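Q: have a look; sequence and predicted model below, questions after that.
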Amino acid sequence: MARLHEHQGKSLLAGEKIGIPRGEAVRTPSEAKKIAEELGCEVVVKGQAWVTGRASLGLIKFADSPETAADAASSILGKEVGGFEIDTVLVEEKLNVKQEFYAGVIIDDIAQAPRIIFSAKGGSGVEQIASEHPDALAQTIVNIQTGFPDYYARDLVRQVGIHGKLQLALGLLLSRLYLVARNSDARAAEINPIVLTEDGKLIAADCRITVDDYAVFRHPRLEIEVAREFDRPPTELERIAWDVEKGDYRGTFYFIQMEQDFKRGDKVIGFHGAGGGGSMMSMDAILNKGYKIANFVDTSGNPPASKVYRAARIILAQGPIDGYFASGSGVASQEQFHSARGLAKAFLEVPLNVPAVIRL
């Protein structure tokens, strides 16, 4: 999956006429000051990063003037959190909160359909809400052929005891959130919290949207660089690996770096798997022997030799690994042949100068 930043997700919400706070994403303190001046009210400055608990990490600050907004942006920009160097902040009007709700559209892999979740309480995680306030939460599976019209949504809202005009407004918002998820090929689209303001407006104060990686090509305007669910910006090698994978649907090539800045003798192994289950068992075996794993790679589903070759070259380009471990479940003879051919070509070119275990 590919995660969107908050400001990107809010642009999708606004496209379906879901209310969002007035504001703009900026990259400098002077731009933050300018937006705060234009808004003419107290603002909140929010660092854009794929992490939870941003307030506790110092990435969300309130400001009562353009000058303090610039100071807040200055203190957030350049900060390193969870592998991110914050380069963008979202400057928005501060909302007058009367009540908070939660809404989410999540693909249920067991039901093989979207699941809509709504809660009369928002702000905290939906798991915590379900545990502490089960009566405040309602959910339903959506038939994708009929969709999720507002009268279905109103019934869901009614189940948690909300009636009248607020039920109508929340039902409309829920049906629009479903359209956001459907039209953007989202695996998950959540608004937490939905804020009911003192003047009666429903506003998406924060959101989290992840797009199915195999659908990213349909959404160039989202400017998704690498369609993987990282909790940090992609590395240079991860970008190269994605360039190999994104236009070639013959088999799978999945690459994630797990160790960096290591040296020879640190017991770091380059890992090359084929098939998720077998790969996990092999990685466990390596870790149980006291080694570290430089990366996770999966080339499976009958990939061509060229894809396996490029995967091997990328693994070997990570740095001074102490070994190369390839293990998988190439059940088809042609898959074993193409994998062996790709590995042999890579090992001859680099060349391979560390111990290797190759188990196809």
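A: Nice, thanks for sending it over. Numbers count the residues shown, from 1 in each chain.

Q: for Gln257, see how far away Asn295 is.
A: To Gln257, Asn295 is 5 Å away according to CB to CB, to the nearest Å. No exception for glycine: its C-beta is placed from N, CA and C like everyone else's.

Q: find the residues that touch each one of the two.
A: Residues touching both Asn295 and Gln257 by CB atoms under 8 Å, 6 or more residues apart in numbering: Gln318.

Q: domain map for this structure?
A: 22-93, 97-221, 234-359 (automatic domain parsing).

Q: now these in TSV, with mean pLDDT, distance to Glu6 and mean neighbour count?
A: Converted to TSV, those look like this (pLDDT from 0 to 100; distance: least, CB to CB, whole Å; neighbours: other CB atoms under 10 Å):
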stretch	mean pLDDT	distance to Glu6	mean neighbour count
domain 22-93	94	6	18
domain 97-221	94	6	18
domain 234-359	92	19	17
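
Q: using TSV, please lay out these together with distance to Leu4.
A: Output for the domains of the chain, formatted as TSV (distance: least, CB to CB, whole Å):
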stretch	distance to Leu4
domain 22-93	9
domain 97-221	5
domain 234-359	15
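
Q: to Leu12, which of those lies closest?
A: Of all the domains of the chain, domain 97-221 sits nearest to Leu12, with 5.2 Å by CB to CB.

Q: identify the residues contacting the closest residue to Ala73 other than its chain neighbours.
A: Leaving aside its sequence neighbours, Ala73 sits nearest to Ala32 (CB to CB, 6 or more residues apart in numbering; 3.6 Å). By CB under 8 Å, 6+ apart, Ala32 lies in contact with Val26, Val45, Ala69, Ala70, Ala72, Ala73, Val89, Val91.

Q: contact partners for the fourth one?
A: When you say that, I think you mean Ala70. Contacts of Ala70 (CB under 8 Å, 6+ apart): Pro29, Ser30, Ala32, Lys33, Ala36.

Q: I'd say the fourth one and Thr68 touch.
A: Translated: Lys33. No: using CB atoms under 8 Å, Lys33 is not in contact with Thr68; the gap is 9.2 Å.

Q: what about Ala111, helix or strand, and which?
A: Element membership of Ala111, judged by DSSP states H and E, is empty: it is in no helix or strand.

Q: now it: how far from Gln139?
A: For Ala111, the distance to Gln139 - CB to CB - is 11 Å.

Q: check Asn183 too.
A: 21 Å.

Q: name the residues that touch stretch 37-49?
A: Under CB under 8 Å, 6+ apart, the answer for stretch 37-49 is 5-7, 22-23, 25, 32, 35-36, 54, 59-64, 66, 69, 72-73, 76-77, 79, 81-82, 84, 86-94.

Q: so what's Arg239 closest to, chain neighbours aside?
A: That would be Val226: by CB to CB, 6+ apart, it lies 6.0 Å from Arg239.

Q: try Ala63
A: Going by CB to CB, 6+ apart, Ala63 has Ala69 as its nearest residue, at 3.9 Å.

Q: list the contacts of Arg264.
A: Arg264 touches Pro320, Asp322, counting by CB under 8 Å, 6+ apart.

Q: ramachandran coordinates for it?
A: phi -60, psi 130 (degrees, to the nearest 10).

Q: now it: how far from Glu80?
A: According to CB to CB, Arg264 and Glu80 sit 27 Å apart.

Q: His272 should be in a helix, yeah?
A: No: His272 sits outside any helix when classified using DSSP: H, G, I helix; E, B strand; the rest coil, being strand.

Q: thought it was touching Ala312?
A: Yes: His272 lies in contact with Ala312 (CB under 8 Å); the separation is 6.6 Å.

Q: got any residues that touch both of those two?
A: Overlap of the contact sets of His272 and Ala312 (by CB under 8 Å, 6+ apart) consists of Leu343.

Q: now do the contacts for the residue lying closest to Leu174 once chain neighbours are set aside.
A: Excluding the flanking residues, the one nearest Leu174 by CB to CB, 6+ apart is Ala153, at 3.8 Å. Residues near Ala153 by CB under 8 Å, 6+ apart: Ile116, Leu170, Gly171, Leu172, Leu173, Leu174, Ser175, Tyr178.

Q: Provide the secondary structure category for Leu90.
A: At Leu90 the chain is in strand, as set by three-state DSSP.

Q: report the beta-bridge partners for it.
A: Note on Leu90: beta-bridge partners by DSSP bridges are Ala25, Lys46.
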